[in-house]
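K.L.:
Build me a model:
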Amino acid sequence: MVSQFVSLTDGTYVNLNRVVTVRRQSVRSDSGRKYEYAVEYRHADGQAGHGIVSDPDWCPQDMGPVLPAQPGYFLVEMSREPPCEVYLEPILGWRAGEYAEPVSLGFNSPEAAILCPDGQVFEPGLALYAHVDAYRAAKIKELRERAAHEADSQNVAPARQEGGVTDDGRTV
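P.N.:
Sure thing, here's the model as predicted:
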């Protein structure tokens with residue numbers, strides 16, 4: 001089973017299997033009221049520990065069970081800067097919850113797609129591509145369309161706008 005850790009404000013990483021309680025608490029700040037999570041956990045020797053979760057976006061639902069992934073699944077991320085390289089990160093497990101969420105040691109971007117063992121690339125909620133090259137081509141097309149739209153809204157010719165991307169991922 002893949003374990004997951006939570007980072008505390010003191011720099012400690014706690015294995016979620018050792019968390020005993022999670023308490024949401026209200027905190028005043030300059031921008032108004034915010035919430036943070038206090039955790040109580042047990043060290044390997046059984047002694048109690050406690051701390052505040054450092055990630056302001058973390059929530060207890062992040063503690064769902066993680067089921068091991070079968071070999072051959074990867075997160076797919078593409079750089080937005082030319083030459084628009086594709087990066088792969090092995091998926092180690094799937095967090096059970098409302099949806100199966102991939103777990104890896106590297107990036108866990110909400111924009112990442114999933115490369116399946118059969119070579120298809122699945123972009124959750126958006127599309128299924130036959131292979132990584134088709135995914136990359138579609139993403140480059142999106143970048144070009146976005147650049148053209150931004151150029152149109154600024155009355156600038158897309159080819160002259162810095163950061164334009166050609167079909168093969170080169171800068172225009």
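K.L.:
now the strands for this protein?
P.N.:
Using DSSP state E, the strands found in the chain span residues 5-7, 13-15, 19-29, 32-42, 48-52, 66-68, 74-78, 86-90, 93-95, 101-103, 113-115, 121-123, 127-129.
K.L.:
Mean pLDDT for the ones you listed - can I get that in CSV?
P.N.:
Output for the strands of the chain, formatted as CSV (pLDDT from 0 to 100):
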stretch, mean pLDDT
strand 5-7, 83
strand 13-15, 87
strand 19-29, 83
strand 32-42, 84
strand 48-52, 93
strand 66-68, 85
strand 74-78, 92
strand 86-90, 92
strand 93-95, 84
strand 101-103, 83
strand 113-115, 94
strand 121-123, 94
strand 127-129, 94
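K.L.:
so which of those strands gets nearest S153?
P.N.:
strand 74-78 (23.9 Å; Cβ to Cβ). All C-beta atoms are positioned from the backbone trio N, CA, C, and that covers glycine.
K.L.:
about what we covered before: so which of the strands of the chain comes closest to K139?
P.N.:
Of those, nearest to K139 by Cβ to Cβ is strand 74-78, at 5.0 Å.
K.L.:
any residues touching the closest one, and which ones?
P.N.:
Residues external to strand 74-78 that are found in contact with it (Cβ atoms under 8 Å, 6 or more residues apart in numbering): 84-91, 102, 104, 106-109, 111-115, 121, 132, 135-136, 139.
K.L.:
same thing but 6 Å
P.N.:
84, 86-90, 102, 104, 107, 109, 112-113, 115, 121, 139 (Cβ atoms under 6 Å, 6 or more residues apart in numbering).
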